[in-house]
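Asker: structure of the sequence below:
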Amino acid sequence: MSAHRRGILLCLASAAGFGSMAILASAAYDAGATIPDLLVVRFLLAAVGFWALVRLTRAAVPAGLLSRKMLALGAIGYSAQAALFFAAVSRLDAALAALLLYLYPFLVFAISVALGRERLTTRRVIPLVAAGAGVMLVLGAGAGGSEIDLLGVACAIGAALVYTGYILVADGLVADSDPLAVSALAMTGAAATCVAAGLATGSLSFEIAPSGWLWLLILALGSTVVGVAAFFSGLRLVGPSTAAIVSTAEPVVTVALAFALLGEHLTGTQLAGGAAVLASVVLLQRSPAVSVAFDAPPAHPADRAAAGAKPRTAS
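Answerer: Numbers count the residues shown, from 1 in each chain. Got it, this is the predicted structure:
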């Protein structure tokens, strides 16, 4: 099996894990968990799980500056994205929150264009317009219904923005590192931030029913450990744009589980909007591959590290 195909399969495995996260979070909320409870338990258990895998596999842990960067990426980027997304799930239907989060493949592409790393052509304008129209349909249909939580919408879109930055930054850090080790560092940083914030604000209660602890365990070890490790592994093989495009399988998982387990439903207009968002990333995939790396001749990893340049990735 080619490296590209392995990367695609890893990203699909990650999508399955992440796609179930909103459903598990909703179940944990129903069992008494709060957002701070969920974040602390998730990241602490995930950090323990990743460090256990690092020890078991004897994965090489990055040293020095790279290690600190990964800790900071988790402490700032991953914790912020997770907090925003879980806040959105607490205020919106899981399916709607997931659809809004999946602006991020479009954003990864758009920022690549804005930074001059890709050209904006007609073949690329069409997917961008389709994604924007899709979001308008999703929000417009919600506004026309009985209620729409604007703060929940803002949190979901904020999560998409933060995750976009997370992907673009992470791509430059994981290319020559073991995905288990960088995942352990990122989860440790996120756990430190969430524990500190929870203690400082006194928002941790842990008054959670036994079923809630089960949902949190599955969310931490299944969705997070499997999801993050698979995503970093796939990202290293296919690059950020392809990884983001493949990850659009996540809302399909979320919507299917929301329909099957939570009894949620979307209006026909919202489904059409979601389809437009997903169609836009399919169109992007049919366009020439998107790369967030500079168009420079490939260099030896040691030379790239010495120069401080972002590694070139295949999309």
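Asker: now name the helix or strand holding the nearest residue to Leu53 once chain neighbours are set aside.
Answerer: The shortest distance from Leu53 to any non-neighbouring residue, by C-beta to C-beta, 6 or more residues apart in numbering, is to Leu180 (5.0 Å). Backbone N, C-alpha and C define where each C-beta goes, glycine included. Under DSSP states H and E, the secondary-structure element containing Leu180 is helix 179-201.
Asker: show me what whichever helix or strand comes after that helix is packed up against.
Answerer: Reading on from helix 179-201 to the C-terminus, the next helix or strand found by DSSP H and E is helix 210-218. Using 3 or more C-beta pairs under 8 Å, 6 or more residues apart in numbering; DSSP states H and E, the elements in contact with helix 210-218 are helix 21-30, helix 35-57.
Asker: for the stretch 151-300 of the chain, what are the low-confidence residue spans?
Answerer: Across the stretch 151-300 of the chain, residues meeting the criterion (pLDDT under 70) sit at 174-175, 241, 264, 266, 281, 283-300.
Asker: try 80
Answerer: Across the stretch 151-300 of the chain, the stretches falling below the confidence threshold (pLDDT under 80) are 170-177, 239-256, 258-267, 270-271, 273-274, 277-300.
Asker: show me the helices in it, by range?
Answerer: All helices of the stretch 151-300 of the chain, identified by DSSP state H, counting those that start in this stretch, fall at 179-201, 210-218, 227-238, 240-246, 249-257, 268-286.
Asker: among those helices, which is nearest Ala130?
Answerer: The closest approach between Ala130 and any of the helices of the stretch 151-300 of the chain, judged by C-beta to C-beta, belongs to helix 268-286 at 4.0 Å.
Asker: put the alpha carbons of the closest one into PDB.
Answerer: This file holds the C-alpha atoms of helix 268-286, laid out as PDB (Å, rounded to 0.1, in the frame of the first residue of the first chain):
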ATOM      1  CA  GLY A 268     -34.000  20.000   4.100                       C
ATOM      2  CA  THR A 269     -32.400  23.500   3.600                       C
ATOM      3  CA  GLN A 270     -29.800  22.800   6.300                       C
ATOM      4  CA  LEU A 271     -29.000  19.400   4.600                       C
ATOM      5  CA  ALA A 272     -28.600  21.200   1.300                       C
ATOM      6  CA  GLY A 273     -26.300  23.700   2.900                       C
ATOM      7  CA  GLY A 274     -24.200  21.000   4.500                       C
ATOM      8  CA  ALA A 275     -24.100  19.200   1.200                       C
ATOM      9  CA  ALA A 276     -22.800  22.400  -0.500                       C
ATOM     10  CA  VAL A 277     -20.000  22.700   2.100                       C
ATOM     11  CA  LEU A 278     -19.000  19.100   1.600                       C
ATOM     12  CA  ALA A 279     -19.200  19.500  -2.200                       C
ATOM     13  CA  SER A 280     -16.900  22.500  -2.000                       C
ATOM     14  CA  VAL A 281     -14.100  20.400  -0.500                       C
ATOM     15  CA  VAL A 282     -14.700  17.600  -3.100                       C
ATOM     16  CA  LEU A 283     -14.300  20.300  -5.800                       C
ATOM     17  CA  LEU A 284     -11.100  21.500  -4.100                       C
ATOM     18  CA  GLN A 285      -9.800  17.900  -4.200                       C
ATOM     19  CA  ARG A 286     -10.400  17.700  -7.900                       C
END
